[in-house]
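Visitor: I would like the atomic coordinates for the input below:
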Amino acid sequence: MKNQKKAVALPFNWIFAIIAGSVILFLAIYGTTKIIGTGQKAVYTETSAKILSLLDPLETGLASGNSEVINFKKQSRIYLGCNSLSNKPFGKQTISFSEQTFGEEFGEKGGGINIKNKYVFAEDIVEGKKFYVFSKAFFMGFKVSDLIVINSNNYCFYQAPNEIKDDIEGLNLKNINFSEDIRDCEGVKVCFGSSNNCDIMVFGDGISYDSGKVIKGDEEVYYTGDLIYPAIFSSSKIYECNIQRLMNKFNELSLVYLDKIKIIQSKGCDSNIEANLMLMMDSAKSLKSSKDLIELSYQAEIVESINSNAGANNCGLW
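Guide: All right, here's what the predicted structure looks like:
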């Protein structure tokens with residue numbers, strides 16, 4: 001009888017040990033995974049902050065534009081978020097980061113870092129090892145801000161006008177090529193004034209590409225001036241959100257210039273720029289989408305002309 005009890009007890013002890021060991025092993029693996037995941041997320045958040053700091057030198061100042069290349073050892077992703085209604089009056093934009101961990105799997109993206117006083121345009125998720133970043137200044141009479149564009153694909157600009165070629169070549173962007181034959185195009189096909197086998201279509205106003213629209217699939221956005229580049233390389237969601245944010249900044253800067261008008265008037269300067277600037281502010285406040293930019297750009301041309309003429313008498317606002 002005792003031998004029978006021992007025979008029963010021995011397997012039970014082994015079974016208990018195996019079960020207990022499995023639970024301990026599972027908890028150890030789970031705990032290690034959580035620690036690694038938490039560590040990864042912290043690193044990714046820190047990387048987002050570093051990427052953001054790399055955008056600082058892209059401020060154009062008096063230059064026509066700047067460019068930079070950001071390289072990573074692993075396949076990486078940059079995530080952009082944008083909300084024009086939060087954090088008034090300028091809205092809010094965030095940037096996050098992750099990279100490939102095992103195989104084709106990406107780690108959980110890091111925490112979003114707030115992008116302050118910048119307007120970054122890109123697809124919602126940009127993926128690659130090499131990221132091309134460039135900036136162009138955005139004016140509406142006076143300089144409003146810099147437009148920062150991030151992309152990672154290779155692009156072929158088909159039948160691009162000379163002014164676009166000059167811009168791209170001046171920025172030394174190596175991932176953008178030009179072709180007059182669509183059959184020679186490799187990468188994302190960006191076609192100017194054409195819709196033949198194109199991924200992205202760019203149309204001007206019939207005379208030039210100073211203003212127009214960009215079509216991607218079922219979506220279209222409108223541009224004026226150097227907004228043509230964000231319109232090409234950005235998702236419509238990020239683009240439209242940043243347009244609203246730019247309008248908010250334009251209005252805040254305009255308030256400063258309205259105060260400056262009173263100062264120069266006290267020095268004997270007078271012009272009708274105040275009424276035109278206030279008209280622009282009303283248009284910017286009521287702007288519903290990028291489609292309204294075209295009319296606003298006409299108003300900006302009038303304001304710039306008035307300011308230039310006043311500048312000849314040392315009465316310019318900017």
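Visitor: Okay, and the beta partners of the most centrally placed residue in the chain?
Guide: Closest residue to the average C-alpha location of the chain: residue 121 at 1.9 Å, with C-alpha atoms, centre = their mean. Beta-bridge partners recorded for residue 121 (DSSP bridges): residue 149.
Visitor: What residues of the strand or helix carrying residue 244 count as buried?
Guide: Following DSSP states H and E, one finds residue 244 within helix 236-265. For helix 236-265, the neighbour count (16 or more other C-beta atoms under 10 Å) marks 236, 238-251, 253-254, 257, 261, 264 as buried. For glycine as for every other residue, the C-beta is placed from the backbone atoms N, C-alpha and C.
Visitor: name the helices or strands packed onto that helix?
Guide: Other helices and strands packing on helix 236-265, by 3 or more C-beta pairs under 8 Å, 6 or more residues apart in numbering; DSSP states H and E, are strand 65-83, strand 92-99, strand 119-121, strand 142-151, strand 219-224, helix 228-233, helix 273-286.
Visitor: For residue 313, give its distance to residue 169.
Guide: According to C-beta to C-beta, to the nearest Å, residue 313 stands 38 Å off from residue 169.
Visitor: nearest to residue 209, of the helices and strands packed on helix 236-265?
Guide: For the helices and strands packed on helix 236-265, distance to residue 209 was read as C-beta to C-beta. The smallest value, 6.3 Å, belongs to helix 228-233.
Visitor: which outside residues touch that closest one?
Guide: When contacts are defined by C-beta atoms under 8 Å, 6 or more residues apart in numbering, helix 228-233 is touched by residues 121-123, 134, 136, 147, 149-151, 164, 167, 190, 200, 202, 209, 212-214, 221-223, 239, 242, 290.
Visitor: What subset of the residues you listed is buried?
Guide: Those of those that meet the buried threshold are 121-123, 134, 136, 147, 149-151, 164, 167, 190, 200, 202, 209, 212-214, 221-223, 239, 242, 290, by 16+ other C-beta under 10 Å.
Visitor: Isn't residue 308 up against residue 316?
Guide: Yes. Taking contacts as C-beta atoms under 8 Å, residue 308 lies within contact range of residue 316: 7.2 Å.
Visitor: Compare neighbour counts for those two and give me the winner.
Guide: Set side by side, residue 308 and residue 316 show more neighbours around residue 316, with 16 against 11, by other C-beta atoms under 10 Å.
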